[in-house]
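In: A structural model of the following input is requested.
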Amino acid sequence: MDFIFSNKISSLQPSAIREILKATSIPGIIPLAAGNPAPEAFPVDEVREITKQILENQPIDALQYGVSEGYQPLRNTISTWMKSKENIGKDFDNVIIMSGATQVMDLATKVLCNEGDTVICEEPSFIGSLNTFRSYGCRLVGVPVEADGMDVSLLEKALKENPNTKFIYTIPNFQNPSGATMSLEKRKRIYALAKEYGVVILEDNPYGDLRVAGESLPTIKSIDDEGIVIYAGSFSKILSPGMRVAYCIAHKDIIAKMTVGKQATDVHTPCLNQMVVYQWFKQYDVEAHIKKIQGIYRKKLELMCDCIDKELGDFVTYVRPEGGLFVWCKLPDDVNMLEFVQRAIDKKVAVVPGNAFLVDDTKQTQYIRLNFSTPTDDGIINGVRALGQVAKEYKK
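Out: This is a model prediction of the structure:
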């Protein structure tokens, strides 16, 4: 039979990243397209021991249904941790545990937006979030990302021209894909604009703990005195993405609606996974672990940038990020970006085409995204060297 799909899903296209990632199954492919944490960053022994303890001492708690808001000891731990670490959490705020940070984007859109409402996004931006907004029939308006974050003058113009805007989506730290970090001045200005125009800010901070250079900056949520910032945090990059444990801190009224939305989605985040995260905080030095993985990523980022300078220095331009997982490279204007990506795959190197991160992914762009966390050091060296060989073909 011929299936007729909903308008919401029919308008979505397969994730370009996921399509490129299919190439990683080719034997010998070097995965510069992925965004997975480095295997050596996982605290495998700790998780193994914690899981054993839980299943021996609290098996029913771990295997039974849980409450939609999340495992209370973990919620308390996150509240304390984020208050001391980021000065996040006012009297009007509450915490809910999510099944990955993408669920924060999903439920925020579900509870705030009607079909046709506008979401203002950084451009480029994370394709997973863009597709989430699209799936609810939202109209996306992109605001260019500069070296120090979103262009605030164009943001204000977008707010004036789109009075039905429901929220501004931003990744202030080591933005995916650009790697840019928003300046403190812009964080304050964006918050002021959100208050002035009566819109919410959705602050997505999955990479904040992966700073390898420079000084940490206050989150936008930390200056939120009116409850208009929804903060998305995750354990995917510092503990395990496969466990799908994240959290949202927002005004209690928003959290209450998100809770209802979550009940209609997955009921609750798996209890065992939440308990593992809680015990990880209770039994181990999480900040020491974060410092350890920062060292891992500092080395890998420096290696990739050194390789880019050596192999592609006269071919691409880029801004060296201060953390995160990605390097955003611009190809020469006379190079066909998609053709370059295909030639890279032919040399068994997968990179992500930059148009995947645009509000309108049919627009032309000269950018590609490289990831340094997933490949081995040899993979970084050989992968960038292969990209250099592609570049030489264009120079000829």
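In: Pretty sure L193 sits in a helix.
Out: Yes: under DSSP: H, G, I helix; E, B strand; the rest coil, L193 falls within a helix.
In: check contacts around it.
Out: V152, L155, E156, L159 (CB atoms under 8 Å, 6 or more residues apart in numbering). In this view, the C-beta of every residue, glycine as well, is placed from N, C-alpha and C.
In: List just the nearest of those residues to I127.
Out: Of all these, I127 sits closest to L155, with 20.6 Å by CB to CB.
In: for stretch 379-389, which positions count as buried?
Out: Buried residues in stretch 379-389, counting neighbours by 16 or more other CB atoms under 10 Å, are found at G379, I380, I381, N382, G383, V384, R385, A386, L387, G388.
In: Likewise for stretch 241-248?
Out: Buried positions in stretch 241-248, judged by neighbour count with 16+ other CB under 10 Å: P241, M243, R244, V245, A246, Y247, C248.
In: residues in contact with that stretch?
Out: Outside stretch 241-248, the residues that touch it by CB under 8 Å, 6+ apart are 36-37, 70, 75, 78, 95-101, 103-104, 107-108, 230-236, 239, 255, 258, 269-270, 273-274, 276-277.
In: Quote the end-to-end distance of it.
Out: In terms of CA to CA, to the nearest Å, the two terminal residues of stretch 241-248 are separated by 16 Å.
In: So what's the model's average confidence on that stretch?
Out: Per-residue pLDDT over stretch 241-248 has a mean of 97.
In: Present the buried residues of stretch 379-389 as JSON lines; the columns should include distance to A213, secondary structure and pLDDT.
Out: Below are the buried residues of stretch 379-389 laid out as JSON lines (distance: CB to CB, whole Å; DSSP: H, G, I helix; E, B strand; the rest coil; pLDDT from 0 to 100):
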{"residue": "G379", "distance to A213": "23", "secondary structure": "helix", "pLDDT": "96"}
{"residue": "I380", "distance to A213": "18", "secondary structure": "helix", "pLDDT": "97"}
{"residue": "I381", "distance to A213": "21", "secondary structure": "helix", "pLDDT": "98"}
{"residue": "N382", "distance to A213": "25", "secondary structure": "helix", "pLDDT": "97"}
{"residue": "G383", "distance to A213": "22", "secondary structure": "helix", "pLDDT": "97"}
{"residue": "V384", "distance to A213": "20", "secondary structure": "helix", "pLDDT": "98"}
{"residue": "R385", "distance to A213": "25", "secondary structure": "helix", "pLDDT": "98"}
{"residue": "A386", "distance to A213": "27", "secondary structure": "helix", "pLDDT": "97"}
{"residue": "L387", "distance to A213": "24", "secondary structure": "helix", "pLDDT": "98"}
{"residue": "G388", "distance to A213": "25", "secondary structure": "helix", "pLDDT": "97"}
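In: all strands in the stretch 201-350 of the chain, in order from the N-terminus.
Out: With strands called from DSSP state E, counting those that start in this stretch, the stretch 201-350 of the chain shows them at 229-234, 246-251, 326-330, 349-350.
In: Give me the mean pLDDT for the helix or strand hosting L154.
Out: Applying DSSP states H and E as the criterion places L154 in helix 152-161. Confidence over helix 152-161 (mean pLDDT, whole number) is 98.
In: Direction-wise, compare the helix or strand following it with strand 229-234 and give the angle.
Out: On the C-terminal side of helix 152-161, the nearest following helix or strand under DSSP H and E is strand 165-170. Calculated by axes from the mean of the first three to the mean of the last three CA atoms, to 10 degrees, strand 165-170 forms an angle of 40 degrees with strand 229-234.
In: just checking, what packs against strand 165-170?
Out: Here strand 165-170 is seen to pack against helix 102-112, strand 118-123, helix 152-161, helix 184-197, strand 200-204 when contacts are counted using 3 or more CB pairs under 8 Å, 6 or more residues apart in numbering; DSSP states H and E.
In: Touching the first one from outside, list them.
Out: Helix 102-112 is contacted by residues 98, 119, 128-129, 132-133, 135-136, 138, 166-167, 169, 200, 202, 204, 230, 232, 246, 248, 254, 257-258, 261-262, 265-266 when judged by CB under 8 Å, 6+ apart.
In: Then the last one?
Out: Applying CB under 8 Å, 6+ apart, the set of residues contacting strand 200-204 from outside is 101, 104-105, 108, 112, 126, 129, 166-172, 190-191, 194, 219-221, 224, 228-232.
In: Out of the helices and strands in this structure, which is least certain?
Out: When each helix and strand of the chain is scored by mean pLDDT, DSSP states H and E, helix 16-21 comes last, with a mean of 57.
In: Tell me the predicted confidence for V260.
Out: pLDDT, the model's per-residue confidence, is 97 for V260.
In: what about it, distance to F92?
Out: Distance of V260 to F92, given as CB to CB, to the nearest Å: 19 Å.
In: Equivalent analysis for E311, please.
Out: E311 is 52 Å from F92, by CB to CB.
In: Point out where the protein drops to low pLDDT.
Out: 10-25 (pLDDT under 70).
In: quick one, helices of it?
Out: For the chain, the helices defined by DSSP state H cover 7-10, 16-21, 44-57, 59-63, 72-86, 102-112, 127-135, 152-161, 184-197, 252-263, 271-283, 286-312, 337-346, 377-395.
In: The first one: how far from the chain's middle?
Out: To tie it back to what came earlier, the one meant is helix 7-10. The gap between where helix 7-10 is centred and where its chain is centred comes out at 24 Å by CA atoms, centre = their mean, to the nearest Å.
In: same deal with the fifth one?
Out: A distance of 21 Å separates the centroid of the chain from that of helix 72-86, by CA atoms, centre = their mean.
In: Excluding its own residues, what touches it? List them.
Out: 69, 88-89, 95-97, 218-219, 221-222, 233, 247, 249, 274-275, 277-278, 281-282, 286.
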